[in-house]
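model the following, please.
(one chain, ligands or ions: 2)
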Amino acid sequence: MKPVRALLALGVAAAVFGLAGCKKEPAPAPSANAPAAAPAGETADQFIARVNDEYKKMYPEMTAAQWLSSTYINDDSQLLSAKANERYLGQLNNWIEQSKKFEGQPMSPATARAIQLLKIGTAMPAPKDPAKLAELTQIATRMEGMYGSGSFCSGPGDTDCRQLGELEDVLRNSRDYNAQLDAWKGWHTISKPMRKDYTRFVELVNEGSRNLGYADTGELWRSGYDMSPAELSAETDRLWGQVKPLYEQLHCYTRSRLETKYGNDKGQVAGGLLPAHLLGNMWQQDWGNLWDVLAPYSEQQAGSLDINAALARQYQQALDAQQAKGGGEGASAAQQAQVEVDASLANAKRMTERAQDFYVSLGMPKLPDSYWAKTQFVKPRDRDVVCHASAWDMNMSGDVRTKMCIKPNEEDFTTIYHELGHVYYYLAYNKQPPLFQTGAHDGFHEAIGDTIVLAMTPKYLSSIGMVANPQQSQEALINAQMRMALAKVSFLPFGLMIDRWRWGVFDGSIKPDQYNKAWWELKAKYQGVAPVEARGEEFFDAGAKYHVPGNTPYTRYFLSHVLQFQFYKALCDAAGYKGPLYECSFYGNKAAGAKFEAMLSKGASQPWQQTMKELTGGEKMDASAVLEYFAPLQTWLKQQNEGKSCGWQASAAGAAAPVSPAAKPAAKSEAPAKPAKG
Ligand code: X8Z
Ligand code: ZN
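Ligands and ions are numbered 1, 2, ... in the order given. This is a model prediction of the structure:
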C-alpha cells in the first residue's frame, strides 16, 4: 500500500500542519471546494460530518496528482503533485485547528475517535510556516522521484545504465560473487544525493510533529495503535523476542550454506554476519531467491515447488501468442520491443486474475472494470515510474488500482496477492465514513493479502497448475516450510530495524553525520548482515530502500508478519479446518471469506483490539501462531545446526571485511543464539 497516496488508508496520511494556531502567519489559500472556517454553533458531531464530506470531495484531486507523478515521473508531474499535497495539507491543518475548540466537550465516541484519527493520522506533519510546508512537499516529491528514476551507469563511458529492476535481477539470478556485489553497490549509489534532502526533511517533519504535541515524528508514528507510544515500542520488543530464536536458527543454517557455496572466507563477514549482497535481495529482507542455495532437499527427494518455472512458461506462451500477431523474423527492433511489452502485460494480467480468483473464491466481488483499465501492471518503456508496488483508492468510491512493474517471478506473483489485500480492504470499508476508511491499524492493512499468501499451500499451487502434485513426505514438508520461512522469517528483523533507525533519527539519538553508521549497526544487530566493504558517511544506504525516501512507516510490516499468522489461523478455524496449521488452505471457503470480509468492512471504526477479537477471539498481537506454523522447520533447523556455533557478533560489523580464515570458528554472538543443540 501507498499510504500517502491512499491518504486515510494510512490513518490520515500525507502531512498536517497546525497553522491557525499562529494567527500572525497567513494561511495558505483554502482549497476552492472546502471552506476554511468552521460555521458558528457547529457541534463536534456536525464538525466531523463536515470534515468527512469535505475530505471525500477533495481527495480525488490529491490522489490523481500523486498517481500521475508516480506513473510518469518528470518535473511537471512532480510540481503538480507537490502543489496538490500542499493544498491538502493546508486543509488538513485547518481541520485539526478547528477540532481544538471541541476539546473537553460532549461528543459521540465515534466523533472522538475521528478527531483522534485526524490528529495522528499523518506520517508527514508539516511546520506552520507556509514556506516550510511548500519546502517539505517539494522535498518529499523529489526524494520519491529520485528513487523511482534511480539508475546506475557503469561500463566504458558509464553508458551501461541499469535501474532497480535489472539490478535486482542480478541478485535474483546470478550466483557470481562479484556480479552480485557490483549490482548491490550500484543500486546504493542512487541514494547518495538524498542525504541532504532527508536531513532537512527530518527537521521539517519534526517541527510539524512538535506543533501537534508530539516529541518527534517517531512518537507520532507510534501513537496510531490504540495504546501509548511506549507500549507499542515494548510490544514490538516482546514480539521480536518470541520469534528471534527461530530467526537465529535460519540465519545459522543460511550461513553454513553460504560458506559451502562461496567458501569460508567469502560466505560470511567477520563476526559471523551474512554478506549483504549474497542473500538474493537488495535489502536482505526476503531470501526466497536463494532457493537454489538453501533448498533443504532436491526436487528428486521432495518434488518441485518451483513456481518460477511455471511463470516463465506462462510468459513464454504469452510471448509466442504476441509473436504470432506481430513480431517474428521481419519485425523491426521497435516492433519486437512492443511485442515483448504486450506479452508482459498479458502475462501480468493473467497473474493478477489468478490472485483475484482467490479472493472471489472466498465470496468477494470481482475487481471493477476500471481496475483493469487503469492499473499499471508493467513498467512502461517510454518513461520513469515508481516501480515499488502499491495499491490505491483513488476516490473512496470504487476507483481502485494497483501500480506495479510485474515480472514473471514468484516474488511478484505473491506481491500481487498482497496488493489485492489492500484493494479488497478499500472496497470493504468504502461504506464507512471517510475518516474511518483505513486499517484497524496499519499492520492490519499489510496483513490482509499476506494472510492469503499463507494459504497458498503446495496443494493450492498444484490446483492452479503452478507446481506438480505435491508429495506427502517429511522432505516435502520441510521444503514447503523453508519456502515460506525464506519469505516470512527472514523478513522479521528487517521489519523491525528500519523504524528502529528512523525512530532514532527522529528523536535525535542518530545524528546526520552517523546516519550510515547507525544503519549498519542496526542491520548487524537485528538481521546479522553486513556489507563486505566499508560504507562510510559518503553513502546514504537507508535511502536505497523505498520506504525511507517514500516516508512510509515500516513497523506496520513487522506487525503484519505476526498478525498474518493469527489471521490465517482464525480463518482456518472459521473454515472448520482441523489438521496441522501449516497445511491449511481456506481457498474456496465462504465461511472463512465472510469472517474476513466482516473484519475488513469495519475499517478503523473501532479500536483494533475489538476488531481482532471479532476475528480471532483474542485482543493481543502474539507470535505463537508463527511458532506453531514453523514448528517442524524449527526442529529440523536445530538438527542441521547441531554442533555449530550459531549467532553473530554485531560489533564486528564496523570492520566490514570478509572473515579471515584465522578468525574462524565464528565468534559468539553478543546476544548469543541458544546453542543449536538442546
Ligand atoms: O512495500 C511493500 C508492499 C507495498 S505496501 C509491496 N512491502 C514491504 C517491502 O516491500 O519492503 C511488502 C512487504 C514489505
Ligand atoms: Zn502493502
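
report the secondary structure state of the nearest residue to residue 315 once chain neighbours are set aside.
Counting by C-beta to C-beta, 6 or more residues apart in numbering, residue 315 lies nearest to residue 408, which is 4.0 Å off, once chain neighbours are set aside. In short, each C-beta sits where N, CA and C put it, glycine included. Secondary structure state of residue 408, per DSSP: H, G, I helix; E, B strand; the rest coil, is coil.

residues touching residue 408, list them.
Residues near residue 408 by C-beta atoms under 8 Å, 6 or more residues apart in numbering: 308, 311-312, 314-315, 344, 347, 351.

from those residues, which land in helices?
308, 311-312, 314-315, 344, 347, 351 (DSSP state H).

show me the contacts for the closest residue to residue 143 other than its chain neighbours.
Spatial nearest neighbour of residue 143, excluding adjacent residues (C-beta to C-beta, 6+ apart): residue 549 at 3.7 Å. By C-beta under 8 Å, 6+ apart, the residues touching residue 549 are 143-144, 146-147, 191, 194, 198, 543.

next, format the residues you listed as a markdown table and append distance to ligand 2 and neighbour count.
Output for the contacts of residue 549, formatted as a markdown table (distance: C-beta to the ion, whole Å; neighbours: other C-beta atoms under 10 Å):
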| residue | distance to ligand 2 | neighbour count |
| --- | --- | --- |
| 143 | 20 | 21 |
| 144 | 16 | 25 |
| 146 | 22 | 17 |
| 147 | 17 | 24 |
| 191 | 21 | 22 |
| 194 | 22 | 23 |
| 198 | 22 | 20 |
| 543 | 20 | 25 |
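
kindly present those residues as TSV, with separate columns for secondary structure and pLDDT.
TSV is the format used below for these (DSSP: H, G, I helix; E, B strand; the rest coil; pLDDT from 0 to 100):
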residue	secondary structure	pLDDT
143	helix	97
144	helix	95
146	helix	97
147	helix	98
191	coil	98
194	helix	98
198	helix	98
543	helix	98
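
picking up where we left off before, among the ones in helices among the contacts of residue 408, who's most crowded?
Within these, residue 347 tops the neighbour count with 25 neighbours, counted by other C-beta atoms under 10 Å.

mind listing what the closest residue to residue 368 other than its chain neighbours touches?
Distance criterion C-beta to C-beta, 6+ apart; nearest residue to residue 368, sequence neighbours excluded, is residue 398 at 5.6 Å. Residues counted as contacts of residue 398 (C-beta under 8 Å, 6+ apart) are 368, 370, 427, 430.

what residues does the stretch 201-350 of the chain put near ligand 1?
By C-beta under 6 Å from any ligand atom, the residues of the stretch 201-350 of the chain that approach ligand 1 are residue 285.

any idea how many residues pack against residue 463?
14.

then residue 508?
13.

how near is it to ligand 1?
26 Å (C-beta to the nearest ligand atom, to the nearest Å).

distance of the residue nearest to that residue when sequence neighbours are not counted relative to ligand 2?
Distance criterion C-beta to C-beta, 6+ apart; nearest residue to residue 508, sequence neighbours excluded, is residue 216 at 7.3 Å. Relative to ligand 2, residue 216 is positioned 25 Å away (criterion: C-beta to the ion, to the nearest Å).

returning to what we had before: which two among the ones in helices among the contacts of residue 408 are spaced furthest apart?
308 and 344 (15.5 Å; C-beta to C-beta).

ligand 2 contacts on the stretch 351-500 of the chain?
Residues of the stretch 351-500 of the chain lying close to ligand 2 by C-beta under 5 Å from the ion are residue 446.

tell me the residue of the stretch 351-500 of the chain that sits nearest ligand 2?
residue 446 (4.8 Å; C-beta to the ion).

which residues touch that residue?
Contacts of residue 446 (C-beta under 8 Å, 6+ apart): 1, 418, 439, 556-557, 559-560.

got the contact list for stretch 186-206?
With contacts defined as C-beta under 8 Å, 6+ apart, stretch 186-206 is touched by 15, 124-127, 132, 135-136, 139-140, 142-143, 146-147, 150-152, 154, 162, 164, 167-168, 216-217, 282, 505-506, 512, 515, 535, 538-544, 548-549, 551.

just those residues: which are in strands?
151-152, 154, 162 (DSSP state E).

these: which two are farthest apart?
Across those (C-beta to C-beta), the longest gap, 10.5 Å, separates 151 and 154.

what touches both of these two?
residue 162.

so for the residue nearest to residue 143, what's the pLDDT?
pLDDT, residue 549: 98.

from residue 66, how far out is it?
To residue 66, residue 549 is 15 Å away according to C-beta to C-beta, to the nearest Å.

and for residue 285?
25 Å.

same check, this time on residue 286
27 Å.

the two: which is more packed in?
residue 66 (28 against 19).

could I get the pLDDT score of the more buried one?
96.

give me the buried positions along the one helix or strand it maps to.
For residue 66, the host element (DSSP states H and E) is helix 44-71. Residues of helix 44-71 classed as buried by neighbour count (16 or more other C-beta atoms under 10 Å): 44, 47-48, 50-52, 54-56, 58-71.

what's the closest of the ones in strands among the contacts of stretch 186-206 to residue 501?
For these, the nearest to residue 501 is residue 152 (23.2 Å; C-beta to C-beta).

that closest one touches residue 165, doesn't it?
No: counting by C-beta atoms under 8 Å, residue 152 does not reach residue 165; the two are 11.7 Å apart.

so for the two, which sits in the more crowded spot?
Shown here are residue 152 and residue 165; by other C-beta under 10 Å, residue 152 has more neighbours (20 against 11).

beta partners for the more buried one?
residue 162 (DSSP bridges).

does residue 92 really touch residue 122, like I thought?
Yes: with contact defined as C-beta under 8 Å, residue 92 reaches residue 122; the gap is 7.0 Å.

which one's more surrounded, these two?
More crowded of residue 92 and residue 122, by other C-beta under 10 Å: residue 122, with 31 against 27.

just the pLDDT for that one.
On the pLDDT scale, residue 122 gets 78.

repeat for residue 335
On pLDDT, residue 335 comes in at 89.

work out for me the element it sits within.
Going by DSSP H and E, residue 335 is in helix 333-361.

residue 289 in helix, strand or coil?
Applying three-state DSSP: residue 289 is helix.

now do the contacts for the residue nearest to it when sequence neighbours are not counted.
Closest residue to residue 289 apart from its sequence neighbours, by C-beta to C-beta, 6+ apart: residue 280 at 3.1 Å. Neighbouring residues of residue 280 by C-beta under 8 Å, 6+ apart: 171-172, 286-290.
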